[in-house]
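**Student:** A predicted structure for the sequence below; I have some questions about it.
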Amino acid sequence: MSRDRLKQKLHGLIEPVIEEHGLELARLDFSTGRKAHLGIFIDKPGGVTIKDCEMVSRAVSDLLDAYDPIPQSYILEVSSPGVERQLSGAGDFKRFQGEMVKIYTAEKVAGRQSFQGKLTGFAGDLVKLTPEGGEEISIPLELINKAQLWFRP
């Protein structure tokens with residue numbers, strides 16, 4: 001089974017368990033190699049606690065022991081997505097409107113591929129961002145390589 005198919009299978013198995021606990025699966029990373037690594041990033045309004053991570057770790061570990069979808073030994077890590085969490089999909093861009101973000105694109109948009117500023121909207125397939133001291137820019141969702149919250153103390 002390909003890594004991408006396995007990742008999809010893991011997502012399908014794990015997400016319902018996380019949602020049962022009132023949490024959101026923010027991101028799932030899976031890498032192979034000498035020692036595979038399964039990283040699960042969970043969130044909830046107000047942020048997650050260590051107890052949330054422990055609870056999900058036990059529940060997911062039991063689930064993976066029962067289904068055994070990973071054909072090699074692996075390290076399981078459950079964590080919060082952090083203050084500079086990655087954004088993906090329309091839901092995240094709607095949820096985090098008004099927050100400061102960094103966005104990197106595959107192609108130039110308005111002459112650049114790197115943007116920082118306030119996430120001001122999401123309409124259709126366009127992410128709207130207003131850089132400090134600049135005018136609003138519309139970035140097509142399909143051109144975004146990476147987007148994340150931008151923590152500025």
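**Tutor:** Ah, there it is.
**Student:** return the set of residues that bridge with the most centrally placed residue in the chain.
**Tutor:** With distances taken as CA atoms, centre = their mean, Arg27 lies nearest the centre of the chain, 3.8 Å away. For Arg27, the beta-bridge partners are Phe41 (DSSP bridges).
**Student:** am I right that it is in contact with Pro81?
**Tutor:** Yes - using CB atoms under 8 Å, Arg27 is in contact with Pro81, at 6.1 Å. In this view, the C-beta of every residue, glycine as well, is placed from N, C-alpha and C.
**Student:** between those two, what contacts are shared?
**Tutor:** By CB atoms under 8 Å, 6 or more residues apart in numbering, Arg27 and Pro81 have these common neighbours: Phe41.
**Student:** packing partners for the longest strand seen in the chain?
**Tutor:** With secondary structure taken from DSSP state E, the chain has its longest strand at strand 112-123. With contacts taken as 3 or more CB pairs under 8 Å, 6 or more residues apart in numbering; DSSP states H and E, strand 112-123 sits against helix 89-95, strand 100-109, strand 126-130, strand 137-140.
**Student:** would you map out the domains in this protein?
**Tutor:** As assigned by automatic domain parsing, the chain contains the domains 3-79, 89-149.
**Student:** dump those to CSV, plus mean pLDDT.
**Tutor:** Output for those, formatted as CSV (pLDDT from 0 to 100):
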stretch, mean pLDDT
domain 3-79, 94
domain 89-149, 95
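**Student:** confirm Lys51 sits in a helix?
**Tutor:** Yes - assigned with DSSP: H, G, I helix; E, B strand; the rest coil, Lys51 falls within a helix.
**Student:** so how far is Lys44 from it?
**Tutor:** Distance from Lys51 to Lys44, counting by CB to CB, to the nearest Å: 12 Å.
**Student:** which of these two has more residues huddled nearby?
**Tutor:** Using other CB atoms under 10 Å as the criterion, Lys51 and Lys44 rank with Lys44 on top: 15 against 8.
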